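> please work out how this folds:
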Amino acid sequence: MQIKLKLFSSLMEYLPDNAEGNTLELSLSGTTNCHALIDQYKIPRDVVQVVMVNGEYVPPEQRETPLTSGDTVSIWPSIQGG
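Got it, this is the predicted structure:
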């Protein structure tokens, strides 16, 4: 299964060295979901604010839904200001 993972802002630090910019192309065997990707790259779930699959918002209670080959998963952190 081919998945594209995009991390934004401070989450980019969790990408491995072979990522191109903020994007990582993944070739996975079996199935996966958004929470599994977040956990696999050791991103603390409490800093994840917005998750989108193919441009559509995925609420936290639906982040265990299996992904499909060709999906693009985009993840943003909580925004803090001051």
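> quick check: phi and psi at the nearest residue to residue 45 once chain neighbours are set aside.
Among residues not flanking residue 45 along the chain, residue 38 sits closest, at 6.0 Å (CB to CB, 6 or more residues apart in numbering). Heads up, the C-betas are built off the backbone N, CA and C, glycines and all. The phi/psi pair for residue 38 (degrees, to the nearest 10) reads phi -60, psi -50.
> check residue 38 and give its pLDDT.
On the pLDDT scale, residue 38 is placed at 97.
> got it, and residue 81?
As predicted, residue 81 sits at a pLDDT of 58.
> mind listing what's buried in stretch 64-76?
67, 71, 73, 74, 75, 76 (16 or more other CB atoms under 10 Å).
> and which of these is nearest to residue 30?
Closest approach to residue 30 among those (CB to CB): residue 67, at 10.8 Å.
> which residues of the chain fall in helices?
With DSSP state H as the criterion, the chain has helices at 34-40.
> poorly predicted segments of it, please.
Scanning the chain for pLDDT under 70 picks out 80-82.
> circling back to that earlier point, how close does the residue nearest to residue 45 get to residue 64?
To residue 64, residue 38 is 11 Å away according to CB to CB, to the nearest Å.
> coming back round to it: adding distance to residue 11, write the buried residues of stretch 64-76 out as CSV.
Shown next, in CSV, are these (distance: CB to CB, whole Å):
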residue, distance to residue 11
67, 18
71, 18
73, 12
74, 10
75, 6
76, 7
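> looking at those residues, which are in strands?
If you go by DSSP state E, the buried residues of stretch 64-76 have 73, 74, 75, 76 in strands.
> so the second one touches residue 8, yeah?
Yes - proximity of residue 74 to residue 8 meets the contact threshold set by CB atoms under 8 Å, at 7.0 Å.
> what's the end-to-end length of stretch 46-57?
17 Å (CA to CA, to the nearest Å).
> buried residues in that stretch?
In stretch 46-57, counting by 16+ other CB under 10 Å, buried: 48, 51, 53.
> and which of those residues is nearest to residue 30?
Compare each of the buried residues of stretch 46-57 with residue 30 using CB to CB and the shortest gap goes to residue 53, at 17.6 Å.
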